[in-house]
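Undergrad: output the structure for:
(2 chains)
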Protein chains: 2
Amino acid sequence: MELVKEALNGSERAIARLITMVENELPGCREAMRDLYPHTGGAYLVGFTGPTGSGKSTLVDGVALTLCTQGYSVGIIAIDPSSPFTGGALLGDRIRMRHVTNREKVFIRSLGARGGLGGISQATSDVIKILDAAGKDFVLVETIGIGQDEVEIAQVVDTSVVVSVPGLGDEIQTIKAGIMEIGDIFVVNKADREGADQVVAMIRAMLDLGPSVTLWSKPIIKTIATESQGIDTVVEQIMLHRAHLKEHELLHAKRRERIEREIVKLLEHKISQYVHDRLYQVHPLNDLVEQVNKREKDPYSCVDYLLEFLEKK
Amino acid sequence: MELVKEALNGSERAIARLITMVENELPGCREAMRDLYPHTGGAYLVGFTGPTGSGKSTLVDGVALTLCTQGYSVGIIAIDPSSPFTGGALLGDRIRMRHVTNREKVFIRSLGARGGLGGISQATSDVIKILDAAGKDFVLVETIGIGQDEVEIAQVVDTSVVVSVPGLGDEIQTIKAGIMEIGDIFVVNKADREGADQVVAMIRAMLDLGPSVTLWSKPIIKTIATESQGIDTVVEQIMLHRAHLKEHELLHAKRRERIEREIVKLLEHKISQYVHDRLYQVHPLNDLVEQVNKREKDPYSCVDYLLEFLEKK
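TA: The predicted structure is shown next:
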């Protein structure tokens, strides 16, 4: 495929077109991904997750700049799970990343979340593969740190950076409890704000509740991204975590797990699509729905009935 | 089933135990839901969605109190999509709702999001059914307003209230763009804060971008939930929206759609589970995963291969 060849040669235009294809599931996107796949695996994937207002974008911006300075090529994917309907991207993220947008080596793309089964993570992991195959050394994936989405993102990257910030109130802080497990590196941004040390102490305390003997001791780094303070340390720790994963053969294991998860997910998605199409083709649900609505049947029994029905066909 | 009988008689203990069963998919939960189902349909379901820090819980608290005063029994479900691992609930929400917890007629339950396919919405709609069957007149469902979860919540309630707040920054405000469509009633809470009128104007402007001729004109209500200001108006508008849906036969249509969606979702979930179990039983994925990891195969072709394989079996 011509487009794939161009993307492999690093054409930004071709990369952008492929991403659009994948995002909108346009014809040919599966073939493109097949052609691309053998060229993936070279990029190191880093996820950044944190609440709105934590200065995540500025931080990712700084990390990308530092990596560029060190001679690496970088791709950035900004995921916005908050725009479920448009499918498109918010301009905001691109504007905020003004420091890096002019650098040739950085390719930035914002993605909206998509509805339905495995939406966000499948689109995201396809776009990661495109940037990977196009020869980026690092792909940085940025997402808002709430809900199921962030767990899924953590599953598709090699190193997961969790960004916190002082002064967002208790509710935000309690959110952290659930994501201690998915973070490899913790960043407290806007560290010149009051309460930064408390946030660090709180994260430390929560980490101490976890398993005590681990090979990787999760660092907590204070940064002021707007003034580029602490960014070097974040990059350093990403490199250390990467070395750690490679040294202990964990990167290989992690990526194997990821592949298995992806295959199963793609399979489930395909089967579910098939069932969906099939169901509406051969069995109008109207009567069943009406019976359930009248409480003559219940939805759980309907499922058993439909399963039998599909099996016979 | 004894437990179901007790729950139908309104036993809080039985309701709590059923919810725990459903949340953790304990044995017997499907049967319990089947027994319960014929007794559902009486409750009116209201969803509240909004960002962290918008004072949603206090607002829901106030609405519940007002409904109680009017003689209705109320159940509240607080969903926290931010704790994906624990499966349990954060204490925070319960503490914050201290005003209502002592009222006999209000039953409050916090739910964590669950991983995997259709996790959050299936657990939620099951718990709604339990409270519904137990005879609650109103079930209020509260969730953080970000991402796919809130869209799913909007799909399982009759009236959807979208809560905004001044001063949470631009990023939060842009989030709104995606959820204009799912809101039936808009609330700007903490309306004594600077910028409340701008938020109202912004919502108004965004609503004006939508379809101009609609039967229901979406109200925007300013509230100060901590001082109980505007709560009455919110309750009033919920009642008006309910009357509107009933009058135009929309409630029936809405609930039919919901039932159809639920049946298809349950079916997909069951098939996906079946495939999952079956796959690991008959075909260890190890070799395939290793080949994909070596880039000898790609995940997309694997799926086609596995589909054929499953079909043969």
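
Undergrad: all contacts plus neighbour counts: C-alpha atoms, from now on.
TA: Fine.

Undergrad: ok, now how distant is A:A201 from B:A205?
TA: Distance of A:A201 to B:A205, given as CA to CA, to the nearest Å: 44 Å.

Undergrad: swap that for A:L310, please
TA: For A:L310, the distance to B:A205 (CA to CA) stands at 48 Å.

Undergrad: so for the two, which residue has more residues nearby?
TA: Set A:L310 next to B:A205 and count neighbours by other CA atoms under 10 Å in any protein chain shown: A:L310 wins out with 14 against 11.

Undergrad: buried by neighbour count: which residues of the helix or strand hosting the more buried one qualify?
TA: Per DSSP states H and E: A:L310 is located in helix A:299-312. Buried residues in helix A:299-312, defined by neighbour count with 16 or more other CA atoms under 10 Å in any protein chain shown: A:299-300, A:302-303, A:306-307.

Undergrad: close to chain B, is it?
TA: Yes. Counting by CA under 8 Å from any CA of the partner chain, contacts between helix A:299-312 and chain B involve A:299-303, A:306-307.

Undergrad: again, but for stretch A:123-143
TA: No. On the criterion CA under 8 Å from any CA, stretch A:123-143 is out of touch with chain B, staying 10.9 Å away.

Undergrad: quick check: end-to-end length of that stretch?
TA: Stretch A:123-143 stretches 14 Å from its first residue to its last (CA to CA).

Undergrad: roughly how far is that stretch from the heart of the chain?
TA: Taking CA atoms, centre = their mean, to the nearest Å, one finds stretch A:123-143 lying 10 Å from the centre of the chain it belongs to.

Undergrad: that one - what's its average pLDDT?
TA: The pLDDT scores in stretch A:123-143 average 90.

Undergrad: what do you get for stretch A:251-267?
TA: Rounded mean pLDDT across stretch A:251-267 is 88.

Undergrad: run the contact check for it versus chain B.
TA: Yes. Counting by CA under 8 Å from any CA, chain B has neighbours in stretch A:251-267: A:255-256, A:259-260, A:262-264, A:266-267.

Undergrad: what comes up buried for that stretch?
TA: Applying 16+ other CA under 10 Å to stretch A:251-267 flags A:251, A:255-260, A:262-267 as buried.

Undergrad: following the one helix or strand A:F186 maps to, which helix or strand shows up next?
TA: Using DSSP H and E, A:F186 falls within strand A:185-188. Heading C-terminal from strand A:185-188, the first helix or strand you meet, by DSSP H and E, is helix A:196-208.

Undergrad: circling back to that earlier point, and the strand holding A:F186, which strands flank it?
TA: Paired neighbours of strand A:185-188 in the sheet (DSSP bridges): strand A:159-164 (parallel), strand A:220-222 (parallel).

Undergrad: columns mean pLDDT on top of these, output as CSV?
TA: Formatted as CSV, these follow (pLDDT from 0 to 100):
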stretch, mean pLDDT
strand A:159-164, 92
strand A:220-222, 96
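
Undergrad: would you mind finding the most buried of the ones you listed?
TA: Mean neighbour count (mean count of other CA atoms under 10 Å in any protein chain shown) peaks for strand A:159-164 among the strands paired with strand A:185-188, with a mean of 26.

Undergrad: quick check: angle from that one to helix A:196-208?
TA: 130 degrees (axes from the mean of the first three to the mean of the last three CA atoms, to 10 degrees).

Undergrad: quick one: strand A:159-164 to chain centroid distance?
TA: Going by CA atoms, centre = their mean, where strand A:159-164 is centred and where its chain is centred differ by 12 Å.

Undergrad: CA atoms only for that strand, dumped as CSV, please.
TA: The C-alpha trace of strand A:159-164 is given here as CSV (Å, rounded to 0.1, in the frame of the first residue of the first chain):
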residue,chain,number,x,y,z
THR,A,159,5.9,3.1,31.2
SER,A,160,3.0,4.8,32.9
VAL,A,161,3.4,8.2,34.5
VAL,A,162,0.7,9.4,36.9
VAL,A,163,0.5,13.2,37.3
SER,A,164,-1.0,14.8,40.4
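
Undergrad: so where do the helices sit in the stretch 101-250 of chain A?
TA: With DSSP state H, counting those that start in this stretch, the ranges of helices along the stretch 101-250 of chain A come out as A:119-133, A:148-156, A:170-175, A:196-208, A:231-247, A:250-282.

Undergrad: what residues does stretch A:226-233 touch?
TA: Stretch A:226-233 is contacted by residues A:58-59, A:62-63, A:66, A:221-225 when judged by CA atoms under 8 Å, 6 or more residues apart in numbering or on different chains.

Undergrad: so which of those residues are in strands?
TA: Using DSSP state E, A:221-222 are the members of these that sit in strands.

Undergrad: for the contacts of stretch A:226-233, pick the one with the most neighbours.
TA: In terms of neighbours by other CA under 10 Å, the contacts of stretch A:226-233 top out with A:L59 at 27 neighbours.

Undergrad: ok, what's across the strand from A:I144?
TA: The partner residues for A:I144, given DSSP bridges, come to A:G50.

Undergrad: touching, it and A:G50? I think so.
TA: Yes. Judged on CA atoms under 8 Å, A:I144 makes contact with A:G50 at a distance of 5.4 Å.

Undergrad: those two: which is more packed in?
TA: Each of A:I144 and A:G50 has its neighbours counted (other CA under 10 Å); A:G50 has more, 27 against 23.

Undergrad: could you measure from that one over to chain B?
TA: Remark: distance between A:G50 and chain B (CA to the nearest CA, to the nearest Å) = 11 Å.

Undergrad: repeat for A:G28
TA: Distance, A:G28 to chain B, by CA to the nearest CA: 13 Å.

Undergrad: hmm, back to that, let's have the buried residues of helix A:299-312 in JSON lines, adding pLDDT.
TA: Listed next are these as JSON lines, based on pLDDT from 0 to 100:
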{"residue": "A:P299", "pLDDT": "88"}
{"residue": "A:Y300", "pLDDT": "85"}
{"residue": "A:C302", "pLDDT": "87"}
{"residue": "A:V303", "pLDDT": "86"}
{"residue": "A:L306", "pLDDT": "85"}
{"residue": "A:L307", "pLDDT": "82"}
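
Undergrad: same list (the residues you listed) but as TSV, adding distance to B:A32.
TA: Output for those, formatted as TSV (distance: CA to CA, whole Å):
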residue	distance to B:A32
A:P299	13
A:Y300	11
A:C302	15
A:V303	16
A:L306	20
A:L307	21
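
Undergrad: for A:K222, list each beta-bridge partner.
TA: Counting by DSSP bridges, A:K222 is bridged to A:V188.

Undergrad: okay, now A:L26: neighbour count?
TA: With other CA under 10 Å as criterion, A:L26 counts 11.

Undergrad: and the residue of the stretch 201-313 of chain A that's closest to chain B?
TA: A:R295 (4.9 Å; CA to the nearest CA).

Undergrad: nearest residue to A:V151 in space, please, no chain neighbours.
TA: Leaving aside its sequence neighbours, A:V151 sits nearest to A:I182 (CA to CA, 6 or more residues apart in numbering or on different chains; 7.0 Å).

Undergrad: apologies, that question was intended for A:A14.
TA: A:A7 is the one closest to A:A14 (CA to CA, 6+ apart), at 5.0 Å.

Undergrad: list the contacts of that neighbour.
TA: Contacts of A:A7 by CA under 8 Å, 6+ apart are A:13-15, A:130, A:133-134.

Undergrad: what of A:E290?
TA: Taking CA under 8 Å, 6+ apart, one finds B:R256 in contact with A:E290.

Undergrad: quick revisit: between the residues of helix A:299-312 next to chain B, which is nearest A:I271?
TA: A:L307 (13.2 Å; CA to CA).

Undergrad: how far away is that closest one from B:L266?
TA: For A:L307, the distance to B:L266 (CA to CA) stands at 11 Å.

Undergrad: now do A:I259
TA: 26 Å.

Undergrad: residue ranges with poor pLDDT in chain A?
TA: Chain A contains residues with pLDDT under 70 at A:80-121, A:145-150, A:168-179, A:211-213, A:282-284, A:313.
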